[in-house]
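Novice: Dropping the sequence and predicted coords here.
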Amino acid sequence: MSTNKNIEKIGIFAIILSLVSVFLLLGFTTEKEFHMQYEDLIFDTSKIHHIDIVLDDKDAFLDSCLSEKYTSCSVVIDGKAMGNVAIRGKGNTSLTSVHAMDSDRYSFKIEFDHYEEGKNYFGLDKLVLNNVIQDNTYMKDYLTYEMMREAGVNAPLCSYGIVTINGEEHGLYLLLEAVEDSFLIRNYGSVSGNLYKPDTSEMAGGKGNGQNFMGDKNSGGNNAVKLLYTDDEISSYSEIFDNAKTDITDSDKERLIECLKKISEKDDIESVADTDSLIKYFAVHNFVCNGDSYTGNMIHNYYLYEDDGKLSMLPWDYNLAFGGFNGGNASSQVNYSIEYENISDRPMVSFIFSDENYKQKYYDFYYDFISKIDTEKIISEADALISSYVEKDPTKFCTYEEYKEGVKTLTEFCNLRKESVLSQLSSEEKLIDASNINLSSMGTMNIGKGGNFESLPAYRPEGQVPDEMGEMPEIPEGEIPQIPDGEMPDGQQFPEGEFSENERPQRPDGQQFPDNMGEGQFPQNMGEGQFPMGNSGQNFPQDMNGQNTENVPTENGNNGFALFIVSILILAGGLIFVAVYKR
């Protein structure tokens, strides 16, 4: 009898063990991060990528870039071809600056899903080609995003690539993961939250291209872009809601306003803000001294993410970091306060310094991060990768000598900034002498070659900006020629079949694609709505706009499935054990 009781106890224990395993499994499988295949492809930072843009009329497209209108094209990314995707010029003031310089080295945005819903490049829906304007180092954005990710902040992936247009080299660009659907899926597991890019109408992309950027003295004073609560009226926050990157409802708007109210009033902040994420974000943001941002006078260049009533911020656009926007002498930037300056009306950061507990968390994290991060290693590795390509870049905004000097200055700046931050964290009154470095060596708003930005003082009273930018160039009129869906220029298709190592495919215009297009061959039978297969031969779901991510490869997902099977087997074994031996 006692034996039967023991057997029952063993069986019950096996069942309990299996149930505990299942509950633990749920913790693993609800892990929000997904590993997307494009991470290992286009954003492999160990090599230079190659992107060829194939257009029906290259000149017409480049002339249209100021309008930010999409045109159809085909792209070849590291030897993988995709037809019927969209491309446009991208930027705020950078578009007009490039035009004023009599250059056509614009930044571009490629949308794989613009014409065909769900179409993507191994899970990536949109790709930004950043022209690194005003950045002689080519790596201010790159370094900042690397630091953000090291700190645990959700930041865009990036890498470097040679861009060609119809086979003609267009320069070395920084390739960026657009902060849209695929970014949200990779970092949060779905697009269930709401994404915003708050901006005033004078600076928001697609709303004037920043043509009034320096002309409207009140552009930085709007409470909505400061994320400062004003009242309960939805119309008071148009600079937020008009720049939503996801579909939002009135209830979403009301929920966000309630979040801003609590943060502004410092009421139960934990319930409406991801404070750990914000502390990490603002620590790294502080280190890189970026005045062209939420903590500067213009108050833009950031994303706001809201999920289930909790807010966080995401980094964007750091080409004017490391003192490039503020100007002034290097020592003022190197010794910039670790608690910021004049941010009492920026509630997303000011809450940190109004509460001793949050302030201490910020100090502790900042110290730990600065003690571990190796900026010199990140910079030297990037320089080793891109230096020879910068030297040969036919459209670069600086000379190769200026690039090398910029990289040297960036390295020195980071080392001195570390010294200053550690000194401030230890409550020392020691000022670091940075008089031996010149901030303009890294690139500034005074870009030269026709650029019309004036150098700005280090700390300007709000609203004090140059009165005029000068007359803006006219946007070319006329429609942009479109390539029919699924077709290459002149109705030709990419060739099918395999190519030998020494045989390169011919472009539709009879020219050859450039050398070193990377490994891989053109996909066979790339029909409408399809995209190249990965090395695994696994398709990605076409609908990346929803939560259908079951076919997206994920490290956590695969491990979770194995654990689930093991747990089910344990549970079944326990039930069988009890049923058999209870008899």
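Specialist: The structure has been received and is ready for your questions.
Novice: for the stretch 201-350 of the chain, what are the low-confidence residue spans?
Specialist: Within the stretch 201-350 of the chain, the stretches with pLDDT under 70 are 201-221.
Novice: those strands in it, which residues are they?
Specialist: Using DSSP state E, counting those that start in this stretch, the strands of the stretch 201-350 of the chain run over 302-307, 310-315.
Novice: how about those in a markdown table, adding distance to P394 and mean neighbour count?
Specialist: For glycine as for every other residue, the C-beta is placed from the backbone atoms N, C-alpha and C. Formatted as a markdown table, the strands of the stretch 201-350 of the chain follow (distance: least, Cβ to Cβ, whole Å; neighbours: other Cβ atoms under 10 Å):
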| stretch | distance to P394 | mean neighbour count |
| --- | --- | --- |
| strand 302-307 | 33 | 21 |
| strand 310-315 | 30 | 22 |
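Novice: Reformat those strands as TSV; add distance to I269.
Specialist: Output for these, formatted as TSV (distance: least, Cβ to Cβ, whole Å):
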stretch	distance to I269
strand 302-307	14
strand 310-315	10
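Novice: wait, which of these is closest to N335?
Specialist: Relative to N335, the nearest member of the strands of the stretch 201-350 of the chain by Cβ to Cβ is strand 310-315, separated by 22.8 Å.
Novice: what's the angle between the closest one and strand 302-307?
Specialist: 150 degrees (axes from the mean of the first three to the mean of the last three Cα atoms, to 10 degrees).
Novice: So P198, which state does it fall into?
Specialist: Classification of P198 using DSSP: H, G, I helix; E, B strand; the rest coil returns coil.
Novice: Pull the contacting residues for it.
Specialist: With contact set as Cβ atoms under 8 Å, 6 or more residues apart in numbering, P198 has these partners: A224, V225, L227, E239, I240, N243, H300, Y302, L304.
Novice: for the stretch 351-500 of the chain, which spans come out with low pLDDT?
Specialist: Looking at the stretch 351-500 of the chain by pLDDT under 70, you get 446-500.
Novice: can you pull the contacts of the nearest residue to G296 once chain neighbours are set aside?
Specialist: Spatial nearest neighbour of G296, chain neighbours left out: F325 (6.6 Å); criterion: Cβ to Cβ, 6 or more residues apart in numbering. Contact analysis of F325 by Cβ under 8 Å, 6+ apart lists N290, G291, D292, G296, T444, M445, L456.
Novice: And the contacts of P198, which is closest to V75?
Specialist: Checking the contacts of P198 one by one against V75 (Cβ to Cβ), the nearest turns out to be N243, at 26.8 Å.
Novice: Compute the distance between that closest one and K109, please.
Specialist: To K109, N243 is 15 Å away according to Cβ to Cβ, to the nearest Å.
Novice: returning to what we had before: can you list the contacts of F325 in a markdown table and add neighbour count and distance to G152?
Specialist: Converted to a markdown table, these look like this (neighbours: other Cβ atoms under 10 Å; distance: Cβ to Cβ, whole Å):
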| residue | neighbour count | distance to G152 |
| --- | --- | --- |
| N290 | 26 | 19 |
| G291 | 23 | 24 |
| D292 | 23 | 24 |
| G296 | 22 | 24 |
| T444 | 23 | 30 |
| M445 | 23 | 31 |
| L456 | 22 | 32 |
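Novice: now the helices: where do they sit in the chain?
Specialist: Remark: helices assigned in the chain by DSSP state H are 2-29, 58-63, 93-100, 140-151, 181-188, 238-241, 250-264, 275-287, 330-334, 347-353, 356-372, 375-392, 400-425, 555-582.
Novice: Of all the ones you listed, which one comes closest to P315?
Specialist: Going by Cβ to Cβ, the one of the helices of the chain nearest P315 is helix 140-151, 5.2 Å.
Novice: mind listing what A330 touches?
Specialist: A330 makes contacts with G323, F413, L416, A434, S435, I437, N438, L439, as judged by Cβ under 8 Å, 6+ apart.
Novice: please redo it, this time with the cut-off set to 7 Å
Specialist: By Cβ atoms under 7 Å, 6 or more residues apart in numbering, the contact set of A330 is G323, F413, A434, S435, I437, N438, L439.
Novice: hmm, which of the residues you listed are the buried ones?
Specialist: Neighbour-count burial (16 or more other Cβ atoms under 10 Å) is assigned, among these, to G323, F413, A434, I437, L439.
Novice: Hmm, Q333 and the first one touching each other?
Specialist: Meaning G323. Yes - counting by Cβ atoms under 7 Å, G323 touches Q333, with 3.6 Å between them.
Novice: anything in contact with each of those two?
Specialist: Common contacts of G323 and Q333, defined by Cβ under 7 Å, 6+ apart, comprise C289, L439.
Novice: The closest residue to V98 other than its chain neighbours: neighbour count?
Specialist: In space, and not counting its chain neighbours, V98 is closest to Y106: 5.3 Å by Cβ to Cβ, 6+ apart. The tally of other residues near Y106 (other Cβ atoms under 10 Å) stands at 23.
Novice: Relative to N243, how far out is F287?
Specialist: In terms of Cβ to Cβ, F287 sits 27 Å off from N243.
Novice: so who does K140 touch?
Specialist: Y318, N319, A321, F322.
Novice: how many neighbours does T93 have?
Specialist: The local packing of T93 (other Cβ under 10 Å) involves 23 other residues.
Novice: do the same with T395
Specialist: 15.
Novice: Would you agree it is in contact with R105?
Specialist: Yes - here T395 reaches R105: they are 4.2 Å apart, a contact under Cβ under 7 Å.
Novice: Overlap of the contact sets of these two?
Specialist: H170, G171.
Novice: Run through the bridge partners of L304.
Specialist: With DSSP bridges as the criterion, L304 is bridged to Y196, M313.
Novice: Quick check, it in contact with K310.
Specialist: No - shown here, L304 and K310 do not form a contact pair, counting by Cβ under 7 Å, at 11.4 Å.
Novice: which residue sits closest to P394, ignoring its sequence neighbours?
Specialist: E169 is the one closest to P394 (Cβ to Cβ, 6+ apart), at 5.8 Å.
Novice: gap between the residue nearest to G296 and Q333?
Specialist: Distance from F325 to Q333, by Cβ to Cβ: 10 Å.
Novice: before we move on, what about Y389?
Specialist: Separation of Y389 from Q333 (Cβ to Cβ): 29 Å.
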